[in-house]
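Chemist: Below: sequence and its predicted model.
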Amino acid sequence: MSVDSFVKKITFQRLTREGLQAIAPAIEAMAEAEGLDAHKQAVSIRVQFIQNDSSFK
């Protein structure tokens, strides 16, 4: 046991517009297969938003 045993690790990712559009179909398929409808919908909404909003960063 060490100090590391008591540390909560949190990771995150940052995607470009192009990156999200490229992996969105895989994310949606995985979410659907796992029954995570809200996760699938969140990705779908983000992709739709970036396609409609040229100022999205």
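Modeler: It's in. Keep in mind that what you see is a predicted model, and the values were worked out from it rather than measured. Numbering: from 1, shown residues only.
Chemist: list the buried ones in stretch 14-22?
Modeler: When neighbours are counted by 16 or more other CB atoms under 10 Å, no buried residue of stretch 14-22 is found. Placement of C-beta: from N, CA and C, glycine included.
Chemist: do stretch 19-35 as well
Modeler: Using 16+ other CB under 10 Å as the test for burial, stretch 19-35 gives 24, 27-28, 31.
Chemist: Return the member of the residues you listed nearest to Asp37.
Modeler: Using CB to CB, Ala31 is the member of those that lies nearest Asp37, at 7.3 Å.
Chemist: what helix or strand is that closest one on?
Modeler: Using DSSP states H and E, Ala31 maps to helix 17-33.
Chemist: ok and the helix or strand just after that helix relative to helix 17-33, angle-wise?
Modeler: Using DSSP H and E, the next helix or strand after helix 17-33 towards the C-terminus is helix 37-52. Interaxial angle, helix 37-52 versus helix 17-33 (axes from the mean of the first three to the mean of the last three CA atoms, to 10 degrees): 150 degrees.
Chemist: Helix 37-52 packs against which elements?
Modeler: Applying 3 or more CB pairs under 8 Å, 6 or more residues apart in numbering; DSSP states H and E, we find helix 37-52 packed against helix 17-33.
Chemist: Report the contact partners of Asp37.
Modeler: Asp37 is in contact with Ala31, counting by CB atoms under 8 Å, 6 or more residues apart in numbering.
Chemist: quick one: pLDDT of it?
Modeler: Listed pLDDT for Asp37 reads 97.
Chemist: now do the one 4 residues further on
Modeler: The predicted local confidence for Gln41 comes out at a pLDDT of 97.
Chemist: Same question for Gln21.
Modeler: Gln21 is assigned 93 on the pLDDT scale.
Chemist: you'd agree it is up against Ile50?
Modeler: Yes. Using CB atoms under 8 Å, Gln21 is in contact with Ile50, at 7.1 Å.
Chemist: Would you mind pulling the contact partners of the helix holding Ala31?
Modeler: 15, 37, 39-40, 43-44, 46-47, 50-51, 56-57.
Chemist: centroid residue for the protein?
Modeler: In the chain, the centroid-proximal residue (CA atoms, centre = their mean) is Val43; its distance is 6.2 Å.
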